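In: any chance you could fold what I've pasted below:
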Amino acid sequence: MQSFRSEIENPIVEKDILELERKIRLFKEGKIDEERFRSLRLARGVYGQRQLGVQMIRIKIPYGKVTSEQLHRIAEVSDEYSRGRLHITTRQDIQIHHVSLDRTPELWAQLEKDDITLREACGNAVRNVTASETAGIDVNEPFDVTPYAHATFQFFLRNPICQEMGRKFKMSFSATEADSALSFMHDLGFIAKTKKIGTTEVKGFKVLLAGGLGSQPRHADVMYDFLETDLLIPTIEGVLRVFDRYGERAKRAKARLKFLVKDLGLDGFLTLVEQEKRALAYQSFPIDTSSFETKITFETEEIPSVDIEDKLEFEAWKKTNVIPQKQEGLFAIGIKVHLGDFYTDKARLLADLVKKYAANELRFTLRQNILIRHVREAFLPFFYSELKKLGFAEAGYNSLTDITACPGTDTCNLGIASSTGIAAELERVLKTEYPQYINNKDVTIKISGCMNACGQHNMAHIGFQGMSIKSGVLVAPALQVLLGGGVLGNGQGRFSDKVIKVPSKRGPEVLRILLNDFEDSKIENEDFLAYYDRQGKTYFYDILKHLSDTTNLTEDDFIDWGHDKNYVKAIGVGECAGVVIDLVATLLFESEEKIQNANEAINEEKWSDSIYHSYTAIVNTAKALLTAEGAKTNTHAGIISNFDEVFVNTNQINIDGAFSELVYQINTNEPTEAFARKYAKQAAEFYTKVDVYRKKAVES
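Out: Take a look at the predicted model:
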């Protein structure tokens, strides 16, 4: 660690990285239990993968934006600590695989040299804030959502209110009513809007609340039809505070925001959000957009001479992959990245290209692609020529042939069947048998290796979910076929119907039957969703039913796509094994750290942060004793009420008044210095009482 400590300029980042190194050491010494270490590790972007003893590292790329310098840095890190492959996720992150746990602090330090973080890329925290990749250049946008996505990322990174929630929390910003950032399936989704108030045109957002995919997809509710931009940050903070306090923590499958809002009802949830207002550090939070309004500049005006051999191919590429920007004379170039995977040698050349000949910016997209921005029209032939050399000039950006897929059984612990293997085969079928769909942007195919929907299969026109299927005593890889999902725009979307399950090797035939029937049966100007609705779910079950027969499986059906050995249904190990130790002691140890964090925040005059650290310290301390008693600790609110019932009302722990009164001061006091100091002192005093009680209980 000493070798790179001096290279980290930001003391907050340095502390973070040193803390990761310390916790790795304590875990290996058996001083932190495995579950608690996993939580800390995930919040630092370190994710156990299917292969034993190595980690997947998720690099957090807010709204997918990277510069040439940052892409070079990511490539260097991948070569040094991984295997030179970069994977673009459906949340605009970059993942690298097969990294040693011991080297993760050093890797993180290298990334921070170019202002790239791992913090909260995984875990029960605010995940990467996504946005339309065309934000700032879209001809239809009312304004650029980029600065608002950036402000959201900055405000909640390391924010104490969202470090240890019951589950992850996802947000997106859509540039237009087309809703390309998929607001309807997010915990919070924002769609850019403007509204006339008097004679002034005011910027704001349509706000969508509590959407989600997974095994039980839920369409988000409309929280506000119009929310002014100054209220964006306070509104998000209010939602996060309620989720943190009332969200499920014990039953993982019920811990997302969508279940809490369903249980409370939208009005009940909004009432709780309103009650949090007094505790917020900001009732209004104006966002400065000036740094995002700088003039676009270029390194060179010299246009390199190129000779385009195949003019028809060039024109086809321009038609499918080139997007006019709202800035006159500028264009964006879409690069179709097969399954989101590309390699560092090409990444470096691409980085050099955009720095010298564009405006030093590209964005990773929600469909696992790359968008180069700010290309002058005269430079398009040159870019085509250079991208073709890299294998990045394939036509069909964001088309049917551009399939989205998660890593599946390649590296993920939860993968049941291969998603990348079947995706590759379906793309081959489309290219060779259905070339007419190369520019079809009205139909999407998405694939996930399990029900968790990282590949977003249950919101696609045609979706596939990895499963298994029995044939006698044998088990074969299978695909659940889903149909009829899609984005409708302006916060509206639809989820796919589960139609039928077939052996994986029959997936290509499923696609052929669907496309052939669509071609033969659609009426004039009918799109795929209208065709699906007209025919109905039962119709598609009937035309695919023969493919679900498992009595006639061949030897090949028991080998998954991309594999050469018989399929075995298994959940990968991937996570480090550790010594099981006293969870109660670990919780109390964490409470000490939270109290220390509260006092450090006071020294930094961050009153709101200190108060929330004190709140979590008090609740965490109560959780420790309840855990020792085997009492329920499902939610923060439950912990608070149960502690009164089990310990205070029985006079086992004596405090001044009810425990709930002590805790809920957070809602009745403004975030002042006086209250921050008082609350931190009370948190420390409460911890001391509980620690004394616990030691006596252990000794007796």
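In: check this structure for its longest helix and report it.
Out: Across the chain, the longest stretch assigned as helix under DSSP state H is helix 673-699.
In: from the chain's centre, how far out does that one sit?
Out: On the basis of C-alpha atoms, centre = their mean, to the nearest Å, helix 673-699 is displaced by 36 Å from the centre of the chain it belongs to.
In: next one: stretch 517-527
Out: Mean-position distance between stretch 517-527 and its chain equals 36 Å (C-alpha atoms, centre = their mean).
In: tell me which element the residue lying closest to residue 627 once chain neighbours are set aside is part of?
Out: Across the structure, with C-beta to C-beta, 6 or more residues apart in numbering as the measure, the residue nearest residue 627 apart from its sequence neighbours is residue 584 (5.5 Å). The way it works is simple: take the backbone N, C-alpha and C, and place the C-beta from them, glycine included. In the assignment (DSSP states H and E), residue 584 maps to helix 583-603.
In: list the buried residues in the longest helix of the chain.
Out: The neighbour-count check on helix 673-699 (16 or more other C-beta atoms under 10 Å) flags 675-677, 679-680, 682-684, 686-687, 690, 693-694 as buried.
In: could I get the average pLDDT for stretch 112-128?
Out: Within the predicted structure, the mean pLDDT of stretch 112-128 is 93.
In: returning to that earlier point: what helices and strands are in contact with the helix holding residue 584?
Out: Contacts defined by 3 or more C-beta pairs under 8 Å, 6 or more residues apart in numbering; DSSP states H and E place helix 583-603 against helix 34-42, helix 607-629, helix 673-699.
In: thinking again about what came up before, tell me which of the buried residues of helix 673-699 has the lowest pLDDT.
Out: Lowest-confidence member of these: residue 694, scoring 86 (pLDDT).
In: and it, what does it touch?
Out: With contacts taken as C-beta atoms under 8 Å, 6 or more residues apart in numbering, residue 694 has the following neighbours: 584, 588, 624-625, 628.
In: switch to 10 Å and redo it
Out: Counting by C-beta atoms under 10 Å, 6 or more residues apart in numbering, residue 694 touches 584-585, 588, 621, 624-625, 628.
In: any idea how far it is from residue 271?
Out: When distance is defined by C-beta to C-beta, to the nearest Å, residue 694 is 37 Å away from residue 271.
In: isn't residue 179 up against residue 488?
Out: Yes: judged on C-beta atoms under 10 Å, residue 179 makes contact with residue 488 at a distance of 8.0 Å.
In: before we move on, the earlier item: tell me the contacts of the residue nearest to residue 627?
Out: Shown in contact with residue 584 (C-beta under 10 Å, 6+ apart): 623-629, 694, 697-698.
In: do the same with residue 170
Out: Going by C-beta under 10 Å, 6+ apart, the list of residues near residue 170 reads 91, 126-130, 182, 185-189, 211-213, 256-257.
In: and it, how close does it get to residue 89?
Out: Looking at residue 170 against residue 89, where the rule is C-beta to C-beta, the gap reads 12 Å.
In: between the two, what contacts are shared?
Out: In the contact map built from C-beta under 10 Å, 6+ apart, the residues linked to both residue 170 and residue 89 are 128, 130.
In: nearest to residue 64, of the buried residues of helix 673-699?
Out: Of all those, residue 64 sits closest to residue 676, with 36.6 Å by C-beta to C-beta.
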